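**Student:** Mind looking at a prediction? Sequence and model below.
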Amino acid sequence: MGRKILSIVGIILLVISSLAACSGNSSSKDDENTVTIWSWRSQDAKIWKKVEDQLNKDGKNIKISFRTFTPTQYDASLQTAMNGGKGPDILTLRGGSGIAKYATGKQITSLDNKVPGLDNFSKGVMSQVKTDGKTYAVPFAVQTSQFFYNKDLFKKYNLQVPKTWDDLINNMKVLKEKNVTPMGISGREGWALALILDSVGASQLGDPWVKDLISGKTHFNDPKFVNVLSNINSLKKYFQNGYSASSYQDMETLFSQGKVAMIVDGIWSVKTIQDQNPNLKIGSFLAPPVDTNQKARVYAFVDGGYGLNAKSKTKKAAIDVLKYTSTKQYAQTYTDLFGEIPGYPGIAPTNGTPLLNVAMNNYKENSINQLFRIRSPFSYGDPAIDTLAASGLQELFAGKKTPQTLADQLQKSITKWYKPFK
Amino acid sequence: MAKTLTAKEKESTIETNLYPIVKTLKKYSFLLMLLPAVIIYGVFILYPFLSSIYVSLFDWSGIGPMTHFVGLNNYIKWLTEDPYSTMFYRALGHNIFILLINIIVSVFFGMFIAFLLSQKIKGSGIYKIIFFMPHTFSLAVVAFLWGLLLNPQWGVVNNFLKTIGLGHYALPWLGSEHTALSIIAVIGLWHSMGFPILVFLAAIMTIPKSLIEAAIIDGAGIPTIFSKIVIPLLIPPIITISVLTFIGSFGTFELMFLLEGAQAGPYYSTDVLGTLFYRTAFGGMGAEASGMGLGASLAIITLIIIIPISILSIWFQRKRNIEF
């Protein structure tokens, strides 16, 4: 009998000990000089090594411990770790609501007066890393959307880069007459259609109008915005056959194979398209304004930023790292390493592609400062303009909505949560 | 004689004292055996389930502390407040549409094919493989494959239609609100048909030959055999397949997400509860506000729809079990 008791006690002990092993606390020594950084961008390991070297050269004893996650798992991993109080010192955050939700959750600290280098960034870019007027991240990369065109096709039919909207329509007409599909779109993926709205709106709305929109003085159903939608709608007859079923990849493939002459796409796609067809000569232009008095502008938005964990135990060292990421030197290294547009304005890539040079110049000279779609104030509630524009443009192209009814619907839906409209 | 206990007597006293405890321990030792399963079930199923209910009572983005308690407000939003209610009922309608197509085709067509395969047809083995093969593909592969086939420019389907002179019917299948959902339902069936066929085939095989032989002697033809013997005996698998189809149709997500994105385009014509949940909880393309609380409440509503019907069908199935 005694043996039985022993064995039962033994089993209980075994179960308890195995459970204890499960919840084993992996407490690590909190080294005051080690700054942990998490990201979904595995390629960033290179740049953090350089940052560490540079900081050490400057006499700062800082060690950077960098960890990457699979992009699709990053957000969930970071969210879980942060909620459990075990997040990194510096968080690589996705732009827009990616930054805002950590800021409103009070899990990242405001960087105002901590990172002076941020004063050099443009207003438009800074507005995207602010929540309730406070800055929460150092923007590290910027994306732009623009028209890409097939240089050979333009040359073949003697076409010039359009200066006005009429020029653009004229180019489309000529191409169509020559049996070339003028423009490719990804009708099936609304998010990519919204890039057309960004590009055309950037050139045709103007900062003052968008500023009034943000403050509620004007509305989406204002004739100016309706006009932008009408102009976009007038491109419809130049799209490829069956465009409503084309995916984003289909659009890029059509363009890279020379089957369509123009697309509207993000600067991030250049490498993909060029890889698909190395012989393709790609040119780019900004959506043209209605008349020559206006300037073509570009919609530049923050791809992501670095945030500071509010619970970080090595805040001083982490701020030193963040300070460095807001310098021109960091931006230059970033561009040269990755061929992307850094957040810091006015950088010229040392050996970038011509397209990247153009995009970076546009970002420096022509970017708008008041945003109306992606990363804009209209993007932070539900339903967001992003969702509404994505499905709305599909409806517009399908003829289920007119520019006016689409504008009315945008206004009505956003008024539900956007306070200045109430 | 001094009252001193021998060693043996001592032990027996201890045993008598401990006996009730040991008895209880022995009686409930089965609980100990259950413990590992209960722990796993608790951690991976019960805890997430209960915490979803808890989360659904908050207005919470998924980040930071849950402080904004809203009670049943999230549920009320889905059921009564535009635009949430519009989205919800539209998605629910699409789920029901998928369910109806799936039930009709899986059960009736599946049973019919299984019946044919059970006959001694030449090459029925090959047909079995052909029907079952798509079921082994992952849905990501299926979506990619059909995306290529249905491509409006270089897709095989439209090119074939044009070649045989039916160019008029070469539609943008996945890009039109009228065709997208039906096409996705068909793709889903192409992928899943193998399973009901297999289940029905196995069930048909268990029907004793003597029954059918007796029917033939009595002069029954194939239609009579099918409707009077096979179908009644197949009620249990019909219920099983119906329940699985029901659960599957309400949990459907992958094909819509892979073929039409989180926005379930064109303009939400393929939106189902799964894509609506994904969009709400995690935000669409990373640019939208995410609402974990709102998402959790939608998941609970879906569950409330699924659970009673599943329980009912299990109960029903128990009553109809057939033994030969």
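**Tutor:** In hand now; what should we look at?
**Student:** Show me the shaky parts of the chain.
**Tutor:** Looking at chain A here, since you left the chain open. Applying pLDDT under 70 to chain A flags the ranges A:1-31.
**Student:** should've been chain B
**Tutor:** Within chain B, the stretches with pLDDT under 70 are B:1-16, B:283-290, B:320-324.
**Student:** give me that answer again for 50
**Tutor:** Within chain B, the stretches with pLDDT under 50 are B:1-2, B:285-287.
**Student:** Single out the residue in it that lies closest to chain A.
**Tutor:** B:Gly64 (2.1 Å; Cβ to the nearest Cβ). C-beta coordinates here come from the backbone N, C-alpha and C atoms, glycine included.
**Student:** list the contacts for that residue?
**Tutor:** A:83, A:101-102, A:104-107 (Cβ atoms under 8 Å, 6 or more residues apart in numbering or on different chains).
**Student:** ok, 6 Å please
**Tutor:** A:105-107 (Cβ atoms under 6 Å, 6 or more residues apart in numbering or on different chains).
**Student:** Now a ChimeraX select for only the buried ones of these.
**Tutor:** Buried members of those, defined by 16 or more other Cβ atoms under 10 Å in any protein chain shown, are picked up in ChimeraX with:
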select /A:105,107
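**Student:** restrict the contacts of B:Gly64 to those near chain B?
**Tutor:** For chain B, the contacts drawn from those by Cβ under 6 Å from any Cβ of the partner chain are A:105-107.
**Student:** In contact with B:Leu161: list those residues for me.
**Tutor:** Here B:Leu161 is in contact with B:169-170 (criterion: Cβ under 6 Å, 6+ apart).
**Student:** For the strand or helix carrying it, list every residue counted as buried.
**Tutor:** Using DSSP states H and E, B:Leu161 falls within helix B:156-163. Of the residues in helix B:156-163, B:157-158, B:161 count as buried by neighbour count, 16+ other Cβ under 10 Å.
**Student:** Checking my notes, A:Val302 in a helix, right?
**Tutor:** No - going by DSSP: H, G, I helix; E, B strand; the rest coil, the assignment for A:Val302 is strand, not a helix.
**Student:** and it, what are its bridge partners?
**Tutor:** According to DSSP bridges, the partner residues bridging A:Val302 are A:Val142.
**Student:** Verify the contact between it and A:Gly95 for me.
**Tutor:** Yes - using Cβ atoms under 6 Å, A:Val302 makes contact with A:Gly95 at a distance of 4.1 Å.
**Student:** and which of the ones next to chain B among the contacts of B:Gly64 is nearest to chain B?
**Tutor:** Nearest to chain B out of the ones next to chain B among the contacts of B:Gly64 is A:Gly105 (Cβ to the nearest Cβ; 2.1 Å).
**Student:** quick one: which helix or strand includes residue 78?
**Tutor:** With no chain named, the answer covers chain A. Here A:Leu78 is assigned to helix A:71-83, by DSSP H and E.
**Student:** my bad, the chain I had in mind was chain B
**Tutor:** Going by DSSP H and E, B:Trp78 is part of helix B:73-80.
**Student:** picking that back up, kindly reformat the buried residues of helix B:156-163 as TSV containing distance to B:Ile216.
**Tutor:** Formatted as TSV, the buried residues of helix B:156-163 follow (distance: Cβ to Cβ, whole Å):
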residue	distance to B:Ile216
B:Val157	43
B:Asn158	48
B:Leu161	45
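**Student:** quick one: which of those residues is nearest A:Ala194?
**Tutor:** B:Asn158 (26.9 Å; Cβ to Cβ).
**Student:** Now do the helix or strand A:Ile263 falls within: everything it contacts.
**Tutor:** Here A:Ile263 sits within strand A:260-266, counting by DSSP H and E. Outside strand A:260-266, the residues that touch it by Cβ under 6 Å, 6+ apart are A:143, A:145, A:147-150, A:153, A:175, A:180-184, A:195-196, A:199, A:240, A:251, A:254-255.
**Student:** ok, back up a step: report the buried residues of the helix or strand just after the helix holding B:Trp78.
**Tutor:** Later in the chain than helix B:73-80, the nearest helix or strand by DSSP H and E is helix B:84-103. Across helix B:84-103, burial judged by 16+ other Cβ under 10 Å covers B:84, B:87-88, B:90-92, B:94-95, B:98-99, B:101-103.
**Student:** filter these down to the ones close to chain A.
**Tutor:** Checking the buried residues of helix B:84-103 against chain A by Cβ under 6 Å from any Cβ, not one of them is in range.
**Student:** Identify the farthest-apart pair in those residues.
**Tutor:** Between any two of these (Cβ to Cβ), the greatest distance is 28.1 Å, for B:Tyr84 and B:Ile103.
**Student:** does the helix holding B:Trp78 come close to chain A?
**Tutor:** No - Helix B:73-80 does not reach chain A (Cβ under 6 Å from any Cβ); its nearest approach is 10.0 Å.
**Student:** For the following helix or strand past the strand holding A:Ile263, name the packing helices and strands.
**Tutor:** Next along the chain after strand A:260-266, taking DSSP H and E as the criterion, comes helix A:270-276. In terms of contacts (3 or more Cβ pairs under 6 Å, 6 or more residues apart in numbering or on different chains; DSSP states H and E), helix A:270-276 is packed against helix A:248-256.
**Student:** Put the alpha carbons of the helix it packs on into CSV.
**Tutor:** Coordinates of each C-alpha in helix A:248-256 appear next as CSV, following Å, rounded to 0.1, in the frame of the first residue of the first chain:
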residue,chain,number,x,y,z
TYR,A,248,-2.1,43.3,-58.8
GLN,A,249,0.4,40.8,-60.2
ASP,A,250,-1.5,40.6,-63.4
MET,A,251,-1.2,44.4,-63.8
GLU,A,252,2.6,44.3,-63.2
THR,A,253,3.0,41.4,-65.6
LEU,A,254,1.1,43.1,-68.3
PHE,A,255,3.3,46.2,-67.9
SER,A,256,6.6,44.3,-67.7
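**Student:** what residues does it touch?
**Tutor:** With contact meaning Cβ under 6 Å, 6+ apart, helix A:248-256 is reached by A:184, A:186, A:189, A:192, A:260, A:263, A:273, A:276-277, A:280.
**Student:** For it, list every residue counted as buried.
**Tutor:** Going by 16+ other Cβ under 10 Å, helix A:248-256 has these buried residues: A:248, A:250-256.
**Student:** All set, thanks.
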